[in-house]
Structure formats: structure tokens, C-alpha cells
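Participant: generate a structure from the sequence data that follows.
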Amino acid sequence: MFFRQLFDRESCTYTYLIADLNTQEAVLVDPVLEQFERDYHLLQELGFILRYCLETHIHADHITGTSKLRELTLCLGVLPENAQASCANQFIRDGEMLHIGSITIEAIATPGHTDSHMAYLVNGVSETAPKELHVLTGDALFIRGCGRTDFQSGDAGILYDSVTQRLFTLPDQTFVYPGHDYQGHIVSTIGEERRWNPRFVKCESREPAAGLCPTQILRDRASFIELMTNLDLPKPKKMMEAVPANKRCGNVGSLG
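Facilitator: A predicted model of the protein is given here:
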């Protein structure tokens with residue numbers, strides 16, 4: 001399996017290129033409009049055939065590159081079931097799988113950041129890691145954080161349920177690849193996030209001298225909702241243009 005993490009500096013968005021090295025078929029997860037030339041050139045250089053552009057949700061902080069890449073490659077645009085979009089070639093349901101050669105990508109419904117959000121569990125096989133699992137968590141779960149819940153029909157209680165019941169129940173060694181990062185992190189694991197993510201766990205006892213917290217406990221649902229309600233974050237700068245454009249798979253030319 002080929003697995004490459006790509007980054008858009010302006011929106012701090014991660015895009016993921018996944019390909020089967022035998023069939024040369026590929027999928028891009030959460031492409032960014034301003035990076036479509038980078039992504040297209042990389043596909044050409046590596047000789048990959050782009051089959052799908054796969055979205056975790058309707059984004060508010062950047063415009064997707066799906067429309068441009070679909071024009072160039074004739075790939076299919078795939079969005080989560082119930083996403084308010086008129087442009088999708090295909091909607092993917094909870095538990096449904098996409099197949100890229102020998103690679104399976106399973107959709108895991110993780111609403112809360114938005115009301116139609118999916119994470120994707122990638123079960124690729126390689127010589128070095130035959131049973132390695134990657135979960136692309138979009139904006140549901142970040143490294144030591146999570147996505148906001150104060151717009152686009154977000155719901156903190158539903159996000160808590162999604163993360164604790166659908167993601168934290170994955171094997172500890174599952175690699176976590178988020179949709180964004182603002183602190184310089186690249187990858188984590190489910191085991192790490194279940195133990196150290198401050199949005200979902202809190203310190204039960206602390207060693208004052210070292211400032212350490214050897215005992216962490218899972219926040220209850222009410223505590224998480226209170227924390228998320230009091231974040232008071234500014235709205236994304238591109239929200240007013242990004243959401244309408246992303247309902248058209250990034251086709252900005254069709255906006256009135």
C-alpha cells in the first residue's frame with residue numbers, strides 16, 4: 001500500500017493519497033482546491049489512476065479540489081450519506097467499503113462536528129506492516145483535540161458519542177490521521193488519544209512537582225458538552241464561500 005500525507009498550510013488541512021501499488025488505483029481523501037495541481041502532478045509522477053475523491057464532510061474552512069480533479073481524471077466524487085450536496089457521484093453509508101485494489105476503506109459514521117461526517121478505516125497490506133490499520137478521522141478527532149461543534153448542525157453530545165463509541169473502540173495500535181493539525185503533529189494512535197486527548201479525558205490526580213498527571217479518566221458526556229460550549233471560537237475565514245462551494249464539490253464557477 002502507498003500512503004502519503006499531504007498538507008495545505010493556509011487551512012492546516014491534511015489530504016491523504018492512498019494507492020494500491022499493484023493495480024496503481026488511487027483515492028484522494030479531502031483534497032484542497034488550491035493544491036489540486038500539486039495532487040494531479042503527484043498522481044502523474046507516480047503513475048497512479050485516481051478512482052475516487054473521498055470527503056469526510058462538507059468543509060467550512062477550505063474549498064475542496066474534487067471538482068477540478070474530477071475534470072482532469074474522470075474520478076468519482078464520494079461524499080457521506082446525508083451530506084447536503086448535489087454534486088456527488090456516490091454517497092457512502094456507515095459500514096460501506098470502497099475497494100482500491102486490495103485495499104479496503106470502511107466508512108465509520110462519526111457525526112457531531114457536522115451532521116453528516118465520516119471517518120475512514122484503511123486496512124492496507126504491505127510487506128512491512130501486514131496488519132496495519134489507519135483511521136482518517138477528519139474533523140471528528142484531532143491529535144490532542146477535536147473539531148468544533150457550533151455550526152453546520154454540529155452537536156457536542158453526538159460528537160462525544162461518535163468518538164468514544166466508534167473511534168476509541170478501535171484497536172489501540174490503530175494510527176490516527178486527522179483532517180487538520182495546528183500544533184505540528186502528524187500522526188497519533190487510538191491508544192494515545194484515548195489516554196491523553198484533553199478534550200475527552202481529564203486529570204484525576206496530579207504530581208505537583210513534575211506537573212504530570214499519571215491518572216487520567218474519561219470525561220463524562222455532560223463535561224464534554226460544557227467544555228465545547230465554552231470554546232468561543234471565531235468562525236472560519238472562508239466559511240461563507242467554502243460551504244456553498246463544497247455543496248457543489250468545489251465547483252466555484254457554478255456559484256451565483
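
Participant: dihedrals phi and psi, the residue lying closest to H180 once chain neighbours are set aside?
Facilitator: In space, and not counting its chain neighbours, H180 is closest to C12: 5.0 Å by C-beta to C-beta, 6 or more residues apart in numbering. For every residue, glycine as well, the C-beta is placed using N, CA and C. Taking degrees, to the nearest 10, you get phi 60, psi 40 for the backbone angles of C12.

Participant: pull the number of nearby residues for C12.
Facilitator: 15 (other C-beta atoms under 10 Å).

Participant: then I186?
Facilitator: Residues near I186, counting by other C-beta under 10 Å: 11.

Participant: which helix or which strand is home to it?
Facilitator: Using DSSP states H and E, I186 sits in no helix or strand.

Participant: may I have the beta-bridge partners of the residue nearest to it when sequence neighbours are not counted?
Facilitator: Excluding the flanking residues, the one nearest I186 by C-beta to C-beta, 6+ apart is Q5, at 6.7 Å. On the basis of DSSP bridges, Q5 is bridged to Y16.

Participant: hmm, back to that, tell me the spacing between the residue nearest to H180 and A109.
Facilitator: 25 Å (C-beta to C-beta, to the nearest Å).

Participant: where exactly do the helices run in the stretch 101-250 of the chain?
Facilitator: 156-162, 190-196, 221-229, 239-246 (DSSP state H, counting those that start in this stretch).

Participant: please identify the most buried of the ones you listed.
Facilitator: Of all the helices of the stretch 101-250 of the chain, helix 156-162 carries the top mean neighbour count, a mean of 21, counting by mean count of other C-beta atoms under 10 Å.

Participant: low-scoring stretches of the stretch 101-250 of the chain, by residue?
Facilitator: 124-131, 205-212 (pLDDT under 70).

Participant: and with 90 instead?
Facilitator: Within the stretch 101-250 of the chain, the ranges that satisfy pLDDT under 90 run 124-132, 203-216, 235, 237.

Participant: how about the strands in it?
Facilitator: 103-109, 118-123, 133-138, 175-178, 188-189, 201-207, 212-218 (DSSP state E, counting those that start in this stretch).

Participant: for H62, which of these is the nearest?
Facilitator: strand 133-138 (12.7 Å; C-beta to C-beta).

Participant: adjacent strands (with direction) for the closest one?
Facilitator: Checking strand 133-138 against DSSP bridges gives partners strand 118-123 (antiparallel), strand 175-178 (parallel).

Participant: including distance to T66 and mean neighbour count, could the ones you listed go into JSON lines?
Facilitator: Supplementary listing: those in JSON lines, determined by distance: least, C-beta to C-beta, whole Å; neighbours: other C-beta atoms under 10 Å:
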{"stretch": "strand 118-123", "distance to T66": "15", "mean neighbour count": "23"}
{"stretch": "strand 175-178", "distance to T66": "19", "mean neighbour count": "23"}
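
Participant: make a markdown table from those strands and add distance to G65 to it.
Facilitator: A markdown table is the format used below for the strands paired with strand 133-138 (distance: least, C-beta to C-beta, whole Å):
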| stretch | distance to G65 |
| --- | --- |
| strand 118-123 | 17 |
| strand 175-178 | 18 |
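
Participant: of these, which is nearest L98?
Facilitator: Among these, strand 118-123 sits nearest to L98 (C-beta to C-beta), with 8.2 Å.
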